[in-house]
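**Student:** coords please:
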Amino acid sequence: MDTHNRPPKLMDRVKATMRVKHYSLRTEKTYCYWIRYFIRFHGVRHPAGMGAPEVKAFLEHLAVERHVAAATQNQALNALVFLYRQVLEQPLGDIGEFSRAKRPRRLPVVLSHDEVMRVLDQRKEESPDTLPPLPCVLRWRPPSMR
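**Tutor:** Below is the predicted model:
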(Lines give C-alpha, C1' and ligand atoms only; values in the text may rest on other atoms or scores of the structure.)
Protein backbone atom coordinates (compact mmCIF):
# COMPACT_ATOMS: atom_id res chain seq x y z
CA MET A 1 0.00 0.00 0.00
CA ASP A 2 1.30 3.47 -0.86
CA THR A 3 1.95 5.47 2.33
CA HIS A 4 1.93 8.78 0.44
CA ASN A 5 -1.80 8.56 -0.34
CA ARG A 6 -2.82 7.65 3.20
CA PRO A 7 -4.62 10.43 5.10
CA PRO A 8 -2.77 11.71 8.19
CA LYS A 9 -3.50 9.95 11.46
CA LEU A 10 -5.93 11.59 13.86
CA MET A 11 -3.34 12.72 16.42
CA ASP A 12 -1.16 14.17 13.64
CA ARG A 13 -4.20 16.13 12.47
CA VAL A 14 -4.85 17.34 16.03
CA LYS A 15 -1.26 18.55 16.41
CA ALA A 16 -1.20 20.20 12.98
CA THR A 17 -4.47 22.04 13.66
CA MET A 18 -3.22 23.26 17.03
CA ARG A 19 0.02 24.52 15.52
CA VAL A 20 -1.77 26.39 12.74
CA LYS A 21 -3.91 28.06 15.41
CA HIS A 22 -0.81 28.86 17.53
CA TYR A 23 -1.77 26.87 20.60
CA SER A 24 1.00 26.46 23.15
CA LEU A 25 3.00 23.24 23.23
CA ARG A 26 1.71 22.56 26.75
CA THR A 27 -1.91 22.88 25.57
CA GLU A 28 -1.14 20.59 22.64
CA LYS A 29 0.25 17.91 24.94
CA THR A 30 -2.64 18.26 27.38
CA TYR A 31 -5.34 18.10 24.69
CA CYS A 32 -3.64 15.08 23.07
CA TYR A 33 -3.59 13.35 26.45
CA TRP A 34 -7.33 13.86 26.95
CA ILE A 35 -8.20 12.83 23.37
CA ARG A 36 -6.16 9.61 23.70
CA TYR A 37 -7.74 8.90 27.09
CA PHE A 38 -11.23 9.43 25.57
CA ILE A 39 -10.45 7.03 22.71
CA ARG A 40 -9.07 4.35 25.06
CA PHE A 41 -12.01 4.80 27.45
CA HIS A 42 -14.36 3.82 24.62
CA GLY A 43 -12.41 0.75 23.51
CA VAL A 44 -10.17 2.43 20.92
CA ARG A 45 -13.09 3.59 18.78
CA HIS A 46 -12.48 6.45 16.37
CA PRO A 47 -14.06 9.70 17.64
CA ALA A 48 -15.71 10.31 14.25
CA GLY A 49 -17.99 7.38 15.05
CA MET A 50 -18.87 8.73 18.48
CA GLY A 51 -20.67 11.83 19.68
CA ALA A 52 -22.35 13.57 22.59
CA PRO A 53 -23.43 10.41 24.49
CA GLU A 54 -19.86 9.10 24.56
CA VAL A 55 -18.45 12.48 25.58
CA LYS A 56 -21.02 12.71 28.37
CA ALA A 57 -20.17 9.20 29.61
CA PHE A 58 -16.46 10.06 29.60
CA LEU A 59 -16.94 13.31 31.53
CA GLU A 60 -19.14 11.56 34.09
CA HIS A 61 -16.48 8.86 34.48
CA LEU A 62 -13.91 11.55 35.26
CA ALA A 63 -16.11 13.15 37.92
CA VAL A 64 -17.67 10.07 39.52
CA GLU A 65 -15.03 7.36 39.17
CA ARG A 66 -11.77 9.31 38.99
CA HIS A 67 -12.86 12.19 41.29
CA VAL A 68 -11.00 14.78 39.20
CA ALA A 69 -11.12 18.48 40.02
CA ALA A 70 -13.64 20.67 38.21
CA ALA A 71 -10.84 22.41 36.29
CA THR A 72 -9.53 19.03 35.12
CA GLN A 73 -12.96 17.96 33.90
CA ASN A 74 -13.33 21.28 32.05
CA GLN A 75 -9.92 20.77 30.47
CA ALA A 76 -11.00 17.37 29.15
CA LEU A 77 -14.25 18.86 27.83
CA ASN A 78 -12.37 21.67 26.05
CA ALA A 79 -10.03 19.14 24.43
CA LEU A 80 -12.96 17.13 23.08
CA VAL A 81 -14.85 20.20 21.87
CA PHE A 82 -11.67 21.26 20.03
CA LEU A 83 -11.37 17.77 18.50
CA TYR A 84 -14.91 17.74 17.16
CA ARG A 85 -15.16 21.37 16.04
CA GLN A 86 -11.67 22.10 14.75
CA VAL A 87 -10.21 18.74 13.69
CA LEU A 88 -13.10 16.47 12.74
CA GLU A 89 -15.27 19.44 11.70
CA GLN A 90 -18.42 17.66 12.77
CA PRO A 91 -21.04 18.79 15.26
CA LEU A 92 -20.65 17.28 18.69
CA GLY A 93 -24.31 17.70 19.50
CA ASP A 94 -25.86 18.51 22.84
CA ILE A 95 -24.02 16.87 25.71
CA GLY A 96 -26.83 17.85 28.06
CA GLU A 97 -26.56 17.64 31.82
CA PHE A 98 -23.75 15.56 33.23
CA SER A 99 -22.17 14.99 36.62
CA ARG A 100 -19.88 17.90 37.29
CA ALA A 101 -16.77 17.59 39.41
CA LYS A 102 -17.16 19.50 42.65
CA ARG A 103 -15.51 22.88 42.98
CA PRO A 104 -13.78 23.48 46.30
CA ARG A 105 -15.56 25.82 48.66
CA ARG A 106 -13.50 28.95 49.18
CA LEU A 107 -13.51 30.99 52.35
CA PRO A 108 -13.86 34.75 51.97
CA VAL A 109 -10.56 36.60 52.01
CA VAL A 110 -11.92 39.76 53.60
CA LEU A 111 -12.83 40.38 57.22
CA SER A 112 -16.33 41.36 58.21
CA HIS A 113 -16.96 44.79 59.71
CA ASP A 114 -17.23 43.28 63.21
CA GLU A 115 -13.92 41.42 62.79
CA VAL A 116 -12.11 44.60 61.73
CA MET A 117 -13.55 46.48 64.72
CA ARG A 118 -12.36 43.73 67.09
CA VAL A 119 -8.84 43.91 65.63
CA LEU A 120 -8.76 47.69 66.00
CA ASP A 121 -10.13 47.50 69.56
CA GLN A 122 -7.38 45.06 70.53
CA ARG A 123 -4.75 47.39 69.09
CA LYS A 124 -5.92 50.22 71.36
CA GLU A 125 -5.07 48.16 74.45
CA GLU A 126 -1.50 47.28 73.38
CA SER A 127 1.67 49.33 73.59
CA PRO A 128 2.56 51.02 70.25
CA ASP A 129 6.10 49.59 70.50
CA THR A 130 4.87 45.99 70.41
CA LEU A 131 2.29 46.38 67.65
CA PRO A 132 3.02 44.97 64.22
CA PRO A 133 2.06 47.16 61.26
CA LEU A 134 -1.68 47.11 60.62
CA PRO A 135 -1.56 45.35 57.22
CA CYS A 136 0.20 42.38 58.88
CA VAL A 137 -2.52 42.18 61.49
CA LEU A 138 -5.27 42.30 58.89
CA ARG A 139 -3.69 39.45 56.91
CA TRP A 140 -3.58 37.17 59.93
CA ARG A 141 -6.21 34.46 60.07
CA PRO A 142 -7.00 32.48 63.19
CA PRO A 143 -6.09 28.77 62.99
CA SER A 144 -9.77 27.84 62.74
CA MET A 145 -9.98 29.71 59.39
CA ARG A 146 -6.92 28.03 57.78
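
**Student:** max-length helix in this structure?
**Tutor:** Within the chain, and with DSSP state H defining each element, the longest helix by residue count is helix 25-41.

**Student:** could you say what helices and strands the following helix or strand past that helix packs with?
**Tutor:** For helix 25-41, the following helix or strand on the C-terminal side (DSSP states H and E) is helix 52-64. Here helix 52-64 touches helix 25-41, helix 70-82, going by 3 or more C-beta pairs under 8 Å, 6 or more residues apart in numbering; DSSP states H and E. From N, CA and C alone the C-beta is placed, and that goes for glycine too.

**Student:** now, of those, which is deepest in the fold?
**Tutor:** Highest mean neighbour count among the helices and strands packed on helix 52-64 (mean count of other C-beta atoms under 10 Å): helix 70-82, with a mean of 17.

**Student:** for the record, mean pLDDT for the helix or strand that comes right after it?
**Tutor:** Per DSSP H and E, the first helix or strand lying C-terminal to helix 70-82 is helix 113-125. Per-residue pLDDT values over helix 113-125 give a mean of 74.

**Student:** By mean pLDDT, flag the weakest helix or strand of this structure.
**Tutor:** Of all helical and strand segments in the chain, the minimum by mean pLDDT, DSSP states H and E falls on helix 134-139, at a mean of 55.

**Student:** any weak-confidence spans in the protein?
**Tutor:** Applying pLDDT under 70 to the chain flags residues 1-3, 106-109, 111, 123, 126-146.
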